Structure formats: C-alpha cells, structure tokens
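Participant: Test case, fold it:
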Amino acid sequence: MDAHRTETELLQQAQTGDMDAFADLQTRLDGAIRRFVWRLIGTHPEEDDIVQDSMIALYLNLDRIQPAEKLRPYLFRIVRNRCYDLLRKR
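Facilitator: Model (predicted):
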C-alpha cells in the first residue's frame with residue numbers, strides 16, 4: 001500500500017482502471033467501514049458480507065463519484081443501507 005497517495009488520488013487512479021489503486025483504497029477504508037458497521041449492528045456474523053458487498057458496489061459505481069472528495073459519504077451511505085437492510089430482516 002502506498003501511504004503517500006491520498007484517498008482522492010487513489011480513487012481517481014481507480015477510476016482510470018488502476019486495480020492496485022482500488023486495492024490500496026479498499027485496504028485504507030476497511031477499518032473505518034468495519035467500525036461503522038459495528039456501531040450500527042454490533043457484532044454480527046454478516047459483517048464481512050456487508051463490507052464486501054459495499055466494496056463491490058463501490059467498484060461497480062466508481063464513475064459515479066464526482067468530485068472525488070465525495071468518496072466517503074458515498075461509500076458510507078452504501079454501508080449504512082446494507083446495515084439497515086440487515087436490521088430490517090432481523
């Protein structure tokens with residue numbers, strides 16, 4: 001992981017097809033996403049599924065994130081919606 005690149009730079013590079021940049025972005029965001037999931041649903045076996053589904057949704061919609069500074073709000077909205085879906089199922 002390149003610690004010198006910002007999330008914005010990683011997103012912009014991922015938007016051009018740089019898979020390494022997306023992997024670095026995913027690694028960088030993983031801890032924050034997991035903490036957010038934990039705050040919303042607590043410890044749950046589906047935590048990994050929510051994180052993975054959210055990252056897949058991010059990848060499939062990279063071109064929709066404009067400007068790049070909207071990355072975190074966009075991603076955390078996806079995560080929140082996945083958590084709410086799970087809570088509704090409970």
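
Participant: For the rest of this, base every contact and every neighbour count on C-alpha atoms.
Facilitator: Fine.

Participant: what's the spacing between Tyr74 and Arg64?
Facilitator: Applying Cα to Cα, to the nearest Å, the value for Tyr74 to Arg64 is 9 Å.

Participant: nope, Asp53 is what I meant
Facilitator: 17 Å.

Participant: in the chain, which spans are strands?
Facilitator: Using DSSP state E, the chain contains no strands.

Participant: which regions of it sit below the pLDDT cut-off?
Facilitator: 1-3 (pLDDT under 70).

Participant: Which parts of it are helices?
Facilitator: Along the chain, the segments classed as helices by DSSP state H run 7-15, 19-41, 47-60, 71-89.

Participant: where's the last one relative to the chain centroid, distance-wise?
Facilitator: For helix 71-89, the separation from the chain centroid amounts to 10 Å (computed by Cα atoms, centre = their mean, to the nearest Å).

Participant: do the same with the shortest one
Facilitator: Taking Cα atoms, centre = their mean, one finds the center of helix 7-15 at 13 Å from the center of the full chain.

Participant: Tell me which of Tyr74 and Arg64 has more neighbours.
Facilitator: Tyr74 (16 against 13; other Cα atoms under 10 Å).

Participant: ok, that one to Ile33 distance?
Facilitator: Taking Cα to Cα, one finds Tyr74 at 12 Å from Ile33.

Participant: And for Gly17?
Facilitator: 23 Å.

Participant: Could you find the closest non-adjacent residue to Val79?
Facilitator: Ser54 (5.7 Å; Cα to Cα, 6 or more residues apart in numbering).

Participant: any idea how far His4 is from that neighbour?
Facilitator: 25 Å.
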